[in-house]
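K.L.:
Turn this into a model:
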Amino acid sequence: MNSPYRPFQSTLTQSGLNSHGLSLMMTPPGAALAGKVYAYLQIKADRSTPYPVMPDGTQAMYISPHGVILGGALQQAQDLQLLAAGEYFGLWFYPGGLRHFVDINLAEITDQFISAPDLQCRKFSSLPELIYRHRGFSERARAGEAWLMRQYCPQPVTSFEHALQRIYQSFGNEKVTQLASAVGWSSRHLNRKFLQYTGLGTKAFSQVVRVQHAARQLYSQQNKRSDVALDLGYYDQPHLIKSFKKHLLSTPSEFMSDLSNRLSP
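P.N.:
Residues are numbered from 1 along each chain as shown. The predicted structure follows:
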């Protein structure tokens, strides 16, 4: 099942990249992995720098010549430190996508960046060498996809995927009880599946999707004011501010101000 979800990371906007001395190359997966893998990407850093990651419900494998780090779903913005200048490759998965490739209970790595040796999963050990034997991004992306295809174990489409689509379509605003009823599961069973496959409970995942939508809308300037709570699915302005502080560690006004400062010459 393909996904309409487009995770938003302010660091990967041109202003975000410029402010951290980064450049980006990114490409989507082939048709076989569409809806599971969001993208292959490569970040080139010209210096040691923090790499801010916003909560978006996704998981990623961050690969350097020295190893693999698996990033779980975040509930609050965190920095992943890039310790040296160089090229960093990534496999970026849609929410729920990683279960098609590795058997990991994602609830165990929520809000964490875990090095591959700590996961005690041998299949990650060869990945840096497979990627970095190639010099060009296109070749690395093909190598990453080939590795994923070797791990690929398609899972049947279940009510979980239908629940994901409803959350995306409502921008995280559908109530959990309504969502569970619509897909034919109890709220408790749906929550267990979300924890297992995304690392977040159903309500927490919906809240992340909602703040993602709000951040993207504010960034794109489709809403040029920061007091547009009702337009973004929030009850009122304090509710919007509380959500931004919880997930992005800033108010909407501070978020917009930071982006504006990045855009300044």
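K.L.:
got the phi/psi numbers for residue 27?
P.N.:
The phi/psi pair for residue 27 (degrees, to the nearest 10) reads phi -150, psi 150.
K.L.:
Who is it paired with across the strands?
P.N.:
With DSSP bridges as the criterion, residue 27 is bridged to residue 40.
K.L.:
Can you report how many residues lie near it?
P.N.:
Residues near residue 27, counting by other C-beta atoms under 10 Å, number 15. Yep, even glycine has a C-beta here, placed from its N, CA and C like the rest.
K.L.:
quick one, what contacts it?
P.N.:
Residues near residue 27 by C-beta atoms under 8 Å, 6 or more residues apart in numbering: 39-41, 137-138, 141.
K.L.:
Which residue ranges make up each domain of this structure?
P.N.:
Domain assignment for the chain, taken from automatic domain parsing, gives 10-151, 159-263.
K.L.:
Mind checking the pLDDT average for the longest one?
P.N.:
Translated: domain 10-151. The average pLDDT within domain 10-151 is 94.
K.L.:
how long is that domain end to end?
P.N.:
For domain 10-151, the first-to-last residue distance is 31 Å (C-alpha to C-alpha, to the nearest Å).
K.L.:
ok now it, how far from the chain's centre?
P.N.:
For domain 10-151, the separation from the chain centroid amounts to 10 Å (computed by C-alpha atoms, centre = their mean, to the nearest Å).
K.L.:
Now render the domains of the chain as a markdown table, adding distance to residue 4.
P.N.:
What follows is these, written out as a markdown table (distance: least, C-beta to C-beta, whole Å):
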| stretch | distance to residue 4 |
| --- | --- |
| domain 10-151 | 10 |
| domain 159-263 | 6 |
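K.L.:
what ranges do the strands span in the chain?
P.N.:
Remark: strands assigned in the chain by DSSP state E are 22-27, 37-45, 49-53, 59-64, 67-71, 78-82, 86-93, 113-115.
K.L.:
could you list every residue that touches the residue nearest in space to the middle of the chain?
P.N.:
Nearest to the geometric centre of the chain sits residue 58, at 3.1 Å (C-alpha atoms, centre = their mean). Residue 58 is in contact with 7, 38, 73, 92-95, 97, counting by C-beta under 8 Å, 6+ apart.
K.L.:
swap in residue 216?
P.N.:
By C-beta under 8 Å, 6+ apart, the residues touching residue 216 are 6, 8.
K.L.:
now with 10 Å?
P.N.:
By C-beta atoms under 10 Å, 6 or more residues apart in numbering, the contact set of residue 216 is 6-10, 56, 171, 222, 232.
K.L.:
for the helix ranked longest in the chain, which positions count as buried?
P.N.:
Ranked by residue count under DSSP state H, the longest helix found in the chain is helix 202-220. Using 16 or more other C-beta atoms under 10 Å as the test for burial, helix 202-220 gives 202, 204-219.
K.L.:
Kindly report the same for stretch 127-138.
P.N.:
127-128, 131-132, 137.
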